[in-house]
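> Here you go, sequence then predicted model.
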Amino acid sequence: MNGKLALSLLASTVLVASNVNATSAQEVVNVKKYSIDLNDDLRVKYDGENNELFGNGFKTGFGSAITFKGFNENNEPEFYALTDRGPNADSPNYKDGDDVYPSKFFPSASFTPSIGILTLKEDGAVIDSAIKIKDESGNTITGLPIEPGVMGSTGEVALDMNLNNLGYDNDGVDSEGISVDQDGNIWICDEYGPFLIKLNSEGKILEKYEPGNGLPEVLKYRIPNRGFEGLTITPSGKVLVAVQSVLDVEGETKSNALFTRIVEFDPETKESKMYAYPVNAEDYTSPQDCKIGDIYAVDDNTLLVIEQGKDQDKNMQNYIYKVDLSNATDITNVKYEGKELEYVEDASLIENVQFAEKELLVDLRAHGWTTEKAEGITMLSDKKTIAVINDNDFEIAINATDEDGNEVKITDYI
(Lines give C-alpha, C1' and ligand atoms only; values in the text may rest on other atoms or scores of the structure.)
Protein backbone atom coordinates (compact mmCIF):
# COMPACT_ATOMS: atom_id res chain seq x y z
CA MET A 1 0.00 0.00 0.00
CA ASN A 2 1.41 3.35 -1.00
CA GLY A 3 0.08 6.06 1.24
CA LYS A 4 0.03 7.37 4.78
CA LEU A 5 -1.34 6.46 8.19
CA ALA A 6 -2.15 8.90 10.97
CA LEU A 7 -3.47 8.62 14.52
CA SER A 8 -6.25 10.85 15.84
CA LEU A 9 -6.73 11.85 19.48
CA LEU A 10 -10.02 11.10 21.22
CA ALA A 11 -11.38 12.57 24.44
CA SER A 12 -11.93 10.68 27.69
CA THR A 13 -14.79 11.90 29.88
CA VAL A 14 -17.23 11.03 32.64
CA LEU A 15 -20.80 12.34 32.59
CA VAL A 16 -22.58 12.48 35.95
CA ALA A 17 -26.37 12.87 36.05
CA SER A 18 -28.06 13.52 39.40
CA ASN A 19 -31.68 13.40 40.57
CA VAL A 20 -32.47 10.46 38.29
CA ASN A 21 -35.38 8.30 39.39
CA ALA A 22 -34.41 4.85 38.18
CA THR A 23 -37.84 3.40 38.92
CA SER A 24 -39.72 5.68 36.55
CA ALA A 25 -38.65 7.47 33.39
CA GLN A 26 -38.16 11.21 33.80
CA GLU A 27 -35.88 14.00 32.68
CA VAL A 28 -32.46 14.29 34.29
CA VAL A 29 -32.31 17.42 36.44
CA ASN A 30 -28.57 18.04 36.74
CA VAL A 31 -25.76 16.93 34.42
CA LYS A 32 -22.01 17.54 34.82
CA LYS A 33 -19.25 16.49 32.46
CA TYR A 34 -15.72 15.81 33.74
CA SER A 35 -12.53 15.36 31.74
CA ILE A 36 -10.33 12.52 32.97
CA ASP A 37 -6.67 13.12 33.74
CA LEU A 38 -4.16 10.49 34.78
CA ASN A 39 -0.63 10.33 36.09
CA ASP A 40 2.03 10.14 33.39
CA ASP A 41 3.31 6.83 34.79
CA LEU A 42 -0.06 5.26 33.89
CA ARG A 43 0.35 6.08 30.21
CA VAL A 44 1.09 3.13 27.92
CA LYS A 45 4.56 3.02 26.42
CA TYR A 46 5.06 2.29 22.73
CA ASP A 47 6.74 -1.12 22.23
CA GLY A 48 8.31 -0.54 18.84
CA GLU A 49 11.28 1.25 17.37
CA ASN A 50 11.24 4.95 16.48
CA ASN A 51 10.02 6.00 19.91
CA GLU A 52 9.91 9.59 18.74
CA LEU A 53 6.67 8.71 16.94
CA PHE A 54 4.92 8.14 20.26
CA GLY A 55 7.39 9.59 22.74
CA ASN A 56 4.86 10.08 25.51
CA GLY A 57 3.02 6.85 24.80
CA PHE A 58 -0.74 6.53 24.75
CA LYS A 59 -3.30 7.86 27.22
CA THR A 60 -4.68 4.74 28.87
CA GLY A 61 -8.35 4.20 28.10
CA PHE A 62 -9.92 3.50 31.49
CA GLY A 63 -13.38 3.78 29.95
CA SER A 64 -14.56 0.28 29.10
CA ALA A 65 -16.52 -0.02 32.33
CA ILE A 66 -17.09 1.75 35.65
CA THR A 67 -18.42 0.81 39.07
CA PHE A 68 -18.84 2.87 42.23
CA LYS A 69 -16.17 2.14 44.86
CA GLY A 70 -17.16 4.51 47.68
CA PHE A 71 -16.21 7.88 49.14
CA ASN A 72 -12.64 8.68 50.19
CA GLU A 73 -11.51 10.57 53.28
CA ASN A 74 -12.24 13.85 51.49
CA ASN A 75 -15.80 12.71 50.79
CA GLU A 76 -14.97 12.49 47.07
CA PRO A 77 -16.62 9.69 45.09
CA GLU A 78 -14.25 7.00 43.83
CA PHE A 79 -14.80 4.43 41.11
CA TYR A 80 -13.13 1.41 39.59
CA ALA A 81 -12.61 2.15 35.87
CA LEU A 82 -11.60 -0.66 33.51
CA THR A 83 -9.50 -0.76 30.34
CA ASP A 84 -10.08 -3.08 27.42
CA ARG A 85 -7.36 -5.12 25.66
CA GLY A 86 -5.12 -2.12 25.08
CA PRO A 87 -3.98 0.17 22.27
CA ASN A 88 -5.08 -1.25 18.93
CA ALA A 89 -6.40 -0.08 15.60
CA ASP A 90 -7.54 -1.43 12.25
CA SER A 91 -4.77 -2.67 9.98
CA PRO A 92 -4.53 -4.38 6.59
CA ASN A 93 -5.77 -7.94 6.32
CA TYR A 94 -3.01 -10.50 6.87
CA LYS A 95 -2.24 -13.23 4.34
CA ASP A 96 -0.67 -16.49 5.48
CA GLY A 97 -0.33 -18.93 2.61
CA ASP A 98 -3.72 -19.07 0.90
CA ASP A 99 -5.57 -17.82 3.99
CA VAL A 100 -6.44 -14.18 4.69
CA TYR A 101 -7.23 -13.00 8.23
CA PRO A 102 -8.48 -9.74 9.73
CA SER A 103 -5.80 -8.00 11.74
CA LYS A 104 -5.20 -5.22 14.25
CA PHE A 105 -2.22 -3.01 14.99
CA PHE A 106 -1.02 -3.52 18.58
CA PRO A 107 1.60 -0.80 19.09
CA SER A 108 1.96 -1.79 22.77
CA ALA A 109 1.53 -5.54 22.68
CA SER A 110 2.85 -6.02 26.21
CA PHE A 111 0.06 -3.90 27.72
CA THR A 112 -1.80 -5.47 30.64
CA PRO A 113 -5.56 -4.80 30.97
CA SER A 114 -5.98 -2.82 34.19
CA ILE A 115 -8.43 -1.34 36.68
CA GLY A 116 -7.91 2.33 37.47
CA ILE A 117 -8.97 4.09 40.67
CA LEU A 118 -10.91 7.13 39.46
CA THR A 119 -11.58 10.02 41.84
CA LEU A 120 -14.18 12.66 41.07
CA LYS A 121 -13.06 16.12 42.18
CA GLU A 122 -14.63 19.54 41.89
CA ASP A 123 -12.52 20.51 38.88
CA GLY A 124 -12.36 17.17 37.09
CA ALA A 125 -11.67 13.47 37.41
CA VAL A 126 -8.28 11.88 38.00
CA ILE A 127 -6.84 8.36 37.91
CA ASP A 128 -3.64 8.12 39.94
CA SER A 129 -3.28 4.36 40.49
CA ALA A 130 -4.25 1.11 38.80
CA ILE A 131 -4.51 -2.63 39.45
CA LYS A 132 -3.06 -4.90 36.74
CA ILE A 133 -4.97 -8.07 35.90
CA LYS A 134 -3.01 -11.27 36.55
CA ASP A 135 -3.52 -14.93 35.72
CA GLU A 136 -4.07 -17.70 38.28
CA SER A 137 -0.31 -17.87 38.89
CA GLY A 138 0.01 -14.15 39.50
CA ASN A 139 1.59 -13.28 36.15
CA THR A 140 0.30 -10.25 34.27
CA ILE A 141 -1.80 -11.03 31.20
CA THR A 142 -2.01 -9.24 27.86
CA GLY A 143 -4.88 -8.29 25.58
CA LEU A 144 -3.51 -10.04 22.50
CA PRO A 145 -5.96 -12.20 20.52
CA ILE A 146 -6.50 -15.91 21.08
CA GLU A 147 -5.28 -18.36 18.47
CA PRO A 148 -7.72 -19.94 16.00
CA GLY A 149 -9.37 -23.13 17.22
CA VAL A 150 -9.35 -22.05 20.88
CA MET A 151 -12.51 -20.78 22.59
CA GLY A 152 -12.57 -17.01 22.34
CA SER A 153 -10.67 -16.68 19.08
CA THR A 154 -11.85 -13.82 16.88
CA GLY A 155 -9.75 -14.92 13.92
CA GLU A 156 -7.66 -11.75 14.23
CA VAL A 157 -3.91 -11.49 13.79
CA ALA A 158 -2.01 -8.97 15.93
CA LEU A 159 0.55 -6.87 14.03
CA ASP A 160 3.19 -4.42 15.13
CA MET A 161 3.56 -1.08 13.34
CA ASN A 162 5.92 -2.69 10.80
CA LEU A 163 3.26 -5.29 9.90
CA ASN A 164 5.05 -8.14 11.71
CA ASN A 165 2.92 -10.90 13.24
CA LEU A 166 3.02 -10.64 17.05
CA GLY A 167 1.50 -14.07 17.69
CA TYR A 168 -1.27 -14.98 20.12
CA ASP A 169 -1.97 -15.10 23.84
CA ASN A 170 -4.46 -17.81 24.79
CA ASP A 171 -4.83 -16.14 28.18
CA GLY A 172 -5.54 -12.80 26.50
CA VAL A 173 -8.54 -10.82 27.73
CA ASP A 174 -10.51 -8.02 26.07
CA SER A 175 -11.98 -6.77 29.32
CA GLU A 176 -15.38 -5.10 29.63
CA GLY A 177 -17.87 -4.73 32.48
CA ILE A 178 -16.92 -4.52 36.16
CA SER A 179 -18.56 -4.89 39.57
CA VAL A 180 -17.54 -5.80 43.12
CA ASP A 181 -19.25 -8.51 45.19
CA GLN A 182 -20.00 -8.46 48.91
CA ASP A 183 -16.70 -10.19 49.69
CA GLY A 184 -14.65 -7.55 47.88
CA ASN A 185 -13.91 -9.71 44.84
CA ILE A 186 -13.91 -7.93 41.48
CA TRP A 187 -15.89 -9.45 38.60
CA ILE A 188 -15.19 -8.52 35.00
CA CYS A 189 -16.37 -9.84 31.65
CA ASP A 190 -14.74 -10.07 28.26
CA GLU A 191 -15.49 -9.69 24.55
CA TYR A 192 -13.24 -12.47 23.28
CA GLY A 193 -14.73 -15.64 24.81
CA PRO A 194 -17.00 -14.34 25.95
CA PHE A 195 -15.49 -14.96 29.38
CA LEU A 196 -16.78 -14.24 32.88
CA ILE A 197 -13.91 -13.69 35.31
CA LYS A 198 -13.65 -13.37 39.09
CA LEU A 199 -10.62 -11.50 40.46
CA ASN A 200 -9.41 -10.88 43.97
CA SER A 201 -8.88 -7.30 45.13
CA GLU A 202 -5.31 -7.37 43.77
CA GLY A 203 -6.47 -8.32 40.29
CA LYS A 204 -5.50 -12.01 40.33
CA ILE A 205 -7.85 -14.33 38.45
CA LEU A 206 -9.65 -16.71 40.82
CA GLU A 207 -12.27 -18.18 38.48
CA LYS A 208 -12.87 -18.00 34.73
CA TYR A 209 -15.94 -19.27 32.87
CA GLU A 210 -16.52 -19.70 29.13
CA PRO A 211 -19.21 -21.04 26.79
CA GLY A 212 -19.55 -24.77 27.33
CA ASN A 213 -17.48 -24.57 30.52
CA GLY A 214 -19.52 -22.80 33.16
CA LEU A 215 -21.55 -20.70 30.73
CA PRO A 216 -24.25 -21.71 28.20
CA GLU A 217 -22.59 -23.07 25.07
CA VAL A 218 -24.79 -21.01 22.72
CA LEU A 219 -22.82 -17.92 23.72
CA LYS A 220 -19.96 -19.11 21.52
CA TYR A 221 -21.99 -17.69 18.62
CA ARG A 222 -21.28 -14.11 19.65
CA ILE A 223 -20.23 -11.92 16.74
CA PRO A 224 -16.40 -11.64 16.93
CA ASN A 225 -15.44 -8.81 19.28
CA ARG A 226 -19.08 -8.56 20.38
CA GLY A 227 -18.96 -10.88 23.38
CA PHE A 228 -19.86 -9.73 26.87
CA GLU A 229 -19.95 -5.94 27.11
CA GLY A 230 -21.74 -5.21 30.40
CA LEU A 231 -21.65 -6.70 33.89
CA THR A 232 -23.40 -5.96 37.17
CA ILE A 233 -24.10 -7.70 40.48
CA THR A 234 -27.60 -7.66 41.95
CA PRO A 235 -28.28 -6.96 45.64
CA SER A 236 -28.87 -10.72 46.12
CA GLY A 237 -25.44 -11.51 44.68
CA LYS A 238 -26.30 -12.76 41.19
CA VAL A 239 -23.89 -11.73 38.42
CA LEU A 240 -25.59 -10.42 35.28
CA VAL A 241 -23.68 -10.10 32.02
CA ALA A 242 -24.93 -8.81 28.67
CA VAL A 243 -23.86 -9.89 25.19
CA GLN A 244 -23.03 -6.74 23.22
CA SER A 245 -25.02 -7.64 20.09
CA VAL A 246 -27.34 -10.33 18.82
CA LEU A 247 -25.87 -13.81 18.45
CA ASP A 248 -24.93 -15.03 14.98
CA VAL A 249 -25.89 -18.69 15.34
CA GLU A 250 -24.06 -20.79 12.74
CA GLY A 251 -23.35 -17.51 10.94
CA GLU A 252 -27.03 -17.17 10.03
CA THR A 253 -28.89 -14.93 12.52
CA LYS A 254 -27.12 -11.58 12.99
CA SER A 255 -29.28 -9.80 10.42
CA ASN A 256 -32.65 -10.99 11.72
CA ALA A 257 -32.44 -11.85 15.43
CA LEU A 258 -34.99 -10.06 17.61
CA PHE A 259 -32.93 -9.88 20.80
CA THR A 260 -29.57 -10.13 22.47
CA ARG A 261 -28.97 -12.15 25.61
CA ILE A 262 -28.54 -11.23 29.28
CA VAL A 263 -27.03 -14.03 31.36
CA GLU A 264 -27.68 -14.46 35.08
CA PHE A 265 -24.92 -16.42 36.84
CA ASP A 266 -25.17 -17.64 40.43
CA PRO A 267 -21.66 -17.66 41.98
CA GLU A 268 -22.79 -20.07 44.70
CA THR A 269 -24.46 -22.79 42.62
CA LYS A 270 -22.60 -22.03 39.34
CA GLU A 271 -25.95 -22.27 37.55
CA SER A 272 -27.12 -19.76 34.97
CA LYS A 273 -30.24 -18.41 33.31
CA MET A 274 -30.68 -16.33 30.16
CA TYR A 275 -33.12 -13.58 29.25
CA ALA A 276 -33.96 -11.92 25.95
CA TYR A 277 -33.28 -8.18 25.71
CA PRO A 278 -35.40 -6.91 22.79
CA VAL A 279 -33.79 -5.13 19.86
CA ASN A 280 -35.93 -2.57 18.07
CA ALA A 281 -34.85 -3.48 14.55
CA GLU A 282 -36.55 -0.43 13.03
CA ASP A 283 -34.12 1.80 14.94
CA TYR A 284 -31.12 0.34 13.10
CA THR A 285 -30.08 -0.68 9.61
CA SER A 286 -29.68 -4.21 10.94
CA PRO A 287 -30.26 -5.81 14.37
CA GLN A 288 -26.50 -6.39 14.67
CA ASP A 289 -26.00 -2.59 14.73
CA CYS A 290 -27.68 -2.40 18.14
CA LYS A 291 -24.94 -2.57 20.80
CA ILE A 292 -25.14 -2.82 24.56
CA GLY A 293 -22.63 -0.52 26.26
CA ASP A 294 -23.02 -1.61 29.89
CA ILE A 295 -25.61 -2.61 32.50
CA TYR A 296 -26.28 -1.73 36.14
CA ALA A 297 -28.60 -3.52 38.60
CA VAL A 298 -30.83 -1.10 40.51
CA ASP A 299 -32.42 -4.09 42.26
CA ASP A 300 -32.78 -7.81 41.58
CA ASN A 301 -35.16 -7.25 38.66
CA THR A 302 -34.43 -3.72 37.39
CA LEU A 303 -31.47 -2.80 35.21
CA LEU A 304 -30.13 0.34 33.64
CA VAL A 305 -28.86 -0.56 30.17
CA ILE A 306 -26.80 1.55 27.78
CA GLU A 307 -28.01 0.82 24.24
CA GLN A 308 -26.29 2.52 21.32
CA GLY A 309 -25.56 2.39 17.62
CA LYS A 310 -26.16 4.24 14.39
CA ASP A 311 -29.71 4.61 13.16
CA GLN A 312 -30.82 4.08 9.56
CA ASP A 313 -29.63 7.61 8.73
CA LYS A 314 -26.18 6.85 10.19
CA ASN A 315 -26.76 9.12 13.19
CA MET A 316 -25.26 7.89 16.45
CA GLN A 317 -27.69 7.10 19.28
CA ASN A 318 -26.76 6.67 22.95
CA TYR A 319 -29.63 5.77 25.27
CA ILE A 320 -30.10 4.55 28.83
CA TYR A 321 -33.07 2.22 29.19
CA LYS A 322 -34.77 1.04 32.35
CA VAL A 323 -35.20 -2.73 31.92
CA ASP A 324 -37.54 -4.99 33.89
CA LEU A 325 -36.60 -8.68 34.13
CA SER A 326 -39.34 -9.69 36.58
CA ASN A 327 -41.56 -11.33 33.95
CA ALA A 328 -38.84 -12.33 31.49
CA THR A 329 -38.67 -15.99 30.44
CA ASP A 330 -35.56 -18.04 31.13
CA ILE A 331 -34.69 -19.01 27.55
CA THR A 332 -31.77 -21.29 28.44
CA ASN A 333 -33.33 -24.44 27.00
CA VAL A 334 -36.05 -22.89 24.86
CA LYS A 335 -35.99 -23.66 21.13
CA TYR A 336 -38.27 -22.99 18.17
CA GLU A 337 -38.65 -25.89 15.76
CA GLY A 338 -35.45 -27.33 17.15
CA LYS A 339 -33.40 -24.17 16.60
CA GLU A 340 -32.19 -21.34 18.80
CA LEU A 341 -34.67 -18.48 19.18
CA GLU A 342 -32.39 -16.16 17.20
CA TYR A 343 -33.82 -17.81 14.05
CA VAL A 344 -37.31 -16.49 14.84
CA GLU A 345 -38.09 -13.35 12.84
CA ASP A 346 -41.66 -12.82 14.09
CA ALA A 347 -42.20 -12.59 17.87
CA SER A 348 -45.81 -13.76 17.51
CA LEU A 349 -44.44 -17.23 16.75
CA ILE A 350 -43.07 -17.54 20.28
CA GLU A 351 -45.90 -16.13 22.40
CA ASN A 352 -44.81 -18.39 25.25
CA VAL A 353 -41.54 -16.43 25.54
CA GLN A 354 -41.63 -13.12 27.40
CA PHE A 355 -38.82 -10.70 26.54
CA ALA A 356 -37.46 -8.26 29.10
CA GLU A 357 -39.44 -5.01 29.14
CA LYS A 358 -37.60 -1.76 28.49
CA GLU A 359 -38.46 1.91 28.81
CA LEU A 360 -36.36 4.87 27.71
CA LEU A 361 -34.92 6.68 30.73
CA VAL A 362 -32.24 9.04 29.35
CA ASP A 363 -31.22 10.17 25.87
CA LEU A 364 -27.54 10.87 26.53
CA ARG A 365 -27.12 12.97 23.40
CA ALA A 366 -29.89 15.27 24.58
CA HIS A 367 -27.78 15.93 27.67
CA GLY A 368 -24.46 16.81 26.09
CA TRP A 369 -23.03 13.42 25.18
CA THR A 370 -20.91 13.80 22.03
CA THR A 371 -18.56 10.80 21.88
CA GLU A 372 -19.42 7.57 20.09
CA LYS A 373 -18.93 5.00 22.84
CA ALA A 374 -20.72 5.11 26.18
CA GLU A 375 -19.25 1.96 27.68
CA GLY A 376 -19.69 2.17 31.44
CA ILE A 377 -22.58 2.95 33.77
CA THR A 378 -22.99 2.85 37.54
CA MET A 379 -25.00 4.52 40.30
CA LEU A 380 -23.75 6.16 43.46
CA SER A 381 -25.00 5.03 46.85
CA ASP A 382 -27.76 7.67 46.86
CA LYS A 383 -29.45 5.70 44.04
CA LYS A 384 -30.19 9.01 42.33
CA THR A 385 -26.86 9.76 40.65
CA ILE A 386 -25.72 7.97 37.49
CA ALA A 387 -22.13 8.04 36.21
CA VAL A 388 -21.43 7.20 32.56
CA ILE A 389 -17.94 6.87 31.10
CA ASN A 390 -16.73 6.75 27.50
CA ASP A 391 -14.03 4.66 25.86
CA ASN A 392 -11.30 6.83 24.33
CA ASP A 393 -9.64 3.85 22.57
CA PHE A 394 -6.27 4.90 24.04
CA GLU A 395 -6.47 8.01 21.83
CA ILE A 396 -5.98 5.88 18.73
CA ALA A 397 -7.88 6.12 15.47
CA ILE A 398 -6.53 5.20 12.05
CA ASN A 399 -6.63 7.54 9.08
CA ALA A 400 -5.32 6.07 5.83
CA THR A 401 -4.74 7.74 2.47
CA ASP A 402 -3.53 6.38 -0.86
CA GLU A 403 -0.60 7.73 -2.87
CA ASP A 404 -2.85 10.41 -4.33
CA GLY A 405 -3.96 11.62 -0.93
CA ASN A 406 -7.44 10.11 -1.12
CA GLU A 407 -8.91 8.68 2.08
CA VAL A 408 -9.17 4.89 1.98
CA LYS A 409 -10.22 2.03 4.26
CA ILE A 410 -7.12 0.31 5.53
CA THR A 411 -9.02 -2.98 5.78
CA ASP A 412 -9.39 -3.01 1.98
CA TYR A 413 -5.66 -3.79 1.79
CA ILE A 414 -3.65 -6.96 2.43
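Arrived safely. Numbers count the residues shown, from 1 in each chain.
> so where's the stretch 1-150 of the chain uncertain?
1-13, 22-29, 50-51 (pLDDT under 70).
> Just the strands from it, written as ranges.
In the stretch 1-150 of the chain, the strands defined using DSSP state E, counting those that start in this stretch lie at 3-7, 13-18, 30-38, 65-71, 77-82, 89-90, 94-96, 99-101, 103-105, 114-121, 124-132.
> partners of the last one in the sheet?
Partners of strand 124-132 in the sheet, by DSSP bridges, are strand 30-38 (parallel), strand 114-121 (antiparallel).
> now for those, which one comes closest to Lys358?
Ranking these by proximity to Lys358 (CB to CB) places strand 30-38 first, at 21.9 Å. (Each C-beta comes from the backbone N, C-alpha and C, glycine too.)
> now the angle from that closest one to strand 77-82?
60 degrees (axes from the mean of the first three to the mean of the last three CA atoms, to 10 degrees).
> Just the buried positions in strand 30-38, please.
Val31, Lys33, Tyr34, Ile36, Leu38 (16 or more other CB atoms under 10 Å).
> List just the nearest of those residues to Phe265.
Distances from Phe265 to the buried residues of strand 30-38, taken by CB to CB, are shortest for Ile36, at 30.3 Å.
> ok, the closest one - contacts?
By CB atoms under 8 Å, 6 or more residues apart in numbering, the contact set of Ile36 is Ser12, Thr13, Val14, Phe62, Gly63, Leu118, Gly124, Ala125, Val126, Ile127, Ile389.
> Could I get those residues in JSON lines, plus columns for distance to Ala347?
JSON lines is the format used below for these (distance: CB to CB, whole Å):
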{"residue": "Ser12", "distance to Ala347": "39"}
{"residue": "Thr13", "distance to Ala347": "37"}
{"residue": "Val14", "distance to Ala347": "37"}
{"residue": "Phe62", "distance to Ala347": "39"}
{"residue": "Gly63", "distance to Ala347": "35"}
{"residue": "Leu118", "distance to Ala347": "40"}
{"residue": "Gly124", "distance to Ala347": "46"}
{"residue": "Ala125", "distance to Ala347": "42"}
{"residue": "Val126", "distance to Ala347": "47"}
{"residue": "Ile127", "distance to Ala347": "44"}
{"residue": "Ile389", "distance to Ala347": "33"}
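> Mark which of those are buried, thanks.
Ser12, Thr13, Val14, Phe62, Gly63, Leu118, Ala125, Val126, Ile127, Ile389.
> ok, Ile178 - contacts?
Ile178 touches Ala65, Ile66, Thr67, Tyr80, Leu82, Ile115, Ile186, Trp187, Ile188, Leu231, Gly376, counting by CB under 8 Å, 6+ apart.
> What is the nearest of these to Glu210?
Closest to Glu210, out of all of the contacts of Ile178 and judged by CB to CB, is Ile188, at 13.7 Å.
> could you give the angle of the helix or strand hosting that closest one to strand 114-121?
Using DSSP states H and E, Ile188 maps to strand 186-190. Counting by the same axes, to 10 degrees, strand 186-190 lies at 120 degrees to strand 114-121.
> So what are the sheet partners of strand 186-190 and their directions?
Assessed with DSSP bridges, strand 186-190 is paired to strand 175-180 (antiparallel), strand 196-199 (antiparallel).
> what angle sits between it and strand 65-71?
For strand 186-190 against strand 65-71, the angle by the same axes, to 10 degrees is 170 degrees.
> And the pLDDT for Ala366?
Note for Ala366: predicted pLDDT of 89.
> three-state assignment of it?
Secondary structure, DSSP: H, G, I helix; E, B strand; the rest coil: Ala366 is helix.
> What about it, how many residues nearby?
When neighbours are defined as other CB atoms under 10 Å, Ala366 has 12 of them.
> And it, how far from Met379?
According to CB to CB, to the nearest Å, Ala366 and Met379 sit 20 Å apart.
> PyMOL command to pick out the buried ones of the contacts of Ile178?
Buried residues among those (16+ other CB under 10 Å), as a PyMOL selection:
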select buried, resi 65+66+67+80+82+115+186+187+188+231+376
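> Can you add distance to Pro278 and give the contacts of Ile178 back as a markdown table?
Shown next, in a markdown table, are the contacts of Ile178 (distance: CB to CB, whole Å):
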| residue | distance to Pro278 |
| --- | --- |
| Ala65 | 23 |
| Ile66 | 25 |
| Thr67 | 26 |
| Tyr80 | 30 |
| Leu82 | 27 |
| Ile115 | 32 |
| Ile186 | 30 |
| Trp187 | 25 |
| Ile188 | 26 |
| Leu231 | 20 |
| Gly376 | 23 |
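> returning to that earlier point: from the buried ones among the contacts of Ile36, which is closest to Gly86?
Once CB to CB is applied, the member of the buried ones among the contacts of Ile36 that ends up nearest Gly86 is Phe62, at 11.7 Å.
> wait, isn't that closest one in contact with Thr83?
Yes: the criterion here is CB atoms under 8 Å, and Phe62 meets it with Thr83 at 5.6 Å.
> any residues in contact with both of the two?
With CB under 8 Å, 6+ apart as the test, Phe62 and Thr83 both reach Ser114, Gly116.
> Surely Lys132 is in contact with Thr142?
No: look at Lys132 against Thr142 with CB under 8 Å: they stay out of range, at 10.7 Å.
> Among those two, which residue is more densely surrounded?
Remark: of Lys132 and Thr142, Thr142 carries more neighbours, 22 against 15, as counted by other CB under 10 Å.
> check contacts around that one.
Arg85, Gly86, Ala109, Ser110, Phe111, Thr112, Pro113, Asp169, Asp171, Gly172.
> Report the contact partners of the second one.
Just to be clear, that refers to Gly86. So Gly86 contacts Val44, Phe106, Ser108, Ala109, Phe111, Thr112, Pro113, Thr142, Gly143, Phe394 (CB under 8 Å, 6+ apart).
> The last one too?
Residues in contact with Gly172 (CB under 8 Å, 6+ apart) are Arg85, Ile141, Thr142, Gly143, Leu144, Pro145, Ile146, Gly152, Tyr192.
> Quick check: phi and psi at the fifth one.
Dihedral angles phi and psi of Leu144 (degrees, to the nearest 10) take the values phi -70, psi 150.
> burial of the closest residue to it other than its chain neighbours, as a residue count?
Nearest residue to Leu144, sequence neighbours excluded (CB to CB, 6 or more residues apart in numbering): Asp169, at 3.9 Å. Other residues within reach of Asp169, judged by other CB under 10 Å, total 17.
> No further questions, thank you.
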